[in-house]
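> Quick one, fold the following:
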Amino acid sequence: MTIVQVIQAIWAVSALALIVLVLLHSPKGDGIGGIGGQAQLFTSTKSAETALNRITWVFSVIFIGFTVVLSAGWLGK
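Below is the predicted model of the structure:
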């Protein structure tokens, strides 16, 4: 197994994890009440939502980083 195949496997797993994590997020749209930040007055940020946001960001950075590396061909074949 070459380094390219390992990175492709990690890239595919991060893509699937990113899909699942985005689907786990709670909807934030409050219709017309969301305009101007009015909806933020009555909501509290929970630690689970914060952790989910951080994990989603980590997987998105991994996915985008490996996408750039794989598409640029920096590793050779």
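
> who does the longest helix seen in the chain touch, helix- and strand-wise?
Identified as the longest helix of the chain according to DSSP state H is helix 47-72. When contacts are defined as 3 or more CB pairs under 8 Å, 6 or more residues apart in numbering; DSSP states H and E, helix 47-72 packs onto helix 3-24. Every residue, glycine included, has its C-beta placed from N, CA and C.

> So which bits of the longest helix of the chain are buried?
Neighbour counts using 16 or more other CB atoms under 10 Å place 52, 56, 59, 60, 62, 63, 66 of helix 47-72 among the buried residues.

> repeat for stretch 9-18
Going by neighbour count (16+ other CB under 10 Å), the buried part of stretch 9-18 is 11, 14, 17, 18.

> Closest to residue 47 out of these?
Comparing these against residue 47 with CB to CB picks out residue 17 as the nearest, at 20.2 Å.

> could you give the angle of the longest helix of the chain to helix 3-24?
Interaxial angle of helix 47-72 relative to helix 3-24 (axes from the mean of the first three to the mean of the last three CA atoms, to 10 degrees): 150 degrees.

> Run the chain-centre distance for helix 47-72.
Centroid separation for helix 47-72 versus its chain: 4 Å, with CA atoms, centre = their mean, to the nearest Å.

> Stretch 69-77 too?
Relative to its chain's centre, stretch 69-77 lies at 22 Å (CA atoms, centre = their mean).

> remind me which residues of this structure are low pLDDT?
Low-confidence segments of the chain (pLDDT under 70): 28-45, 77.

> what about 80?
Across the chain, the ranges flagged by pLDDT under 80 are 26-46, 77.

> residue contacts, the nearest residue to residue 55 once chain neighbours are set aside?
Leaving aside its sequence neighbours, residue 55 sits nearest to residue 21 (CB to CB, 6 or more residues apart in numbering; 6.2 Å). Listed by CB atoms under 8 Å, 6 or more residues apart in numbering, the contact set of residue 21 reads 52, 55, 56, 59.
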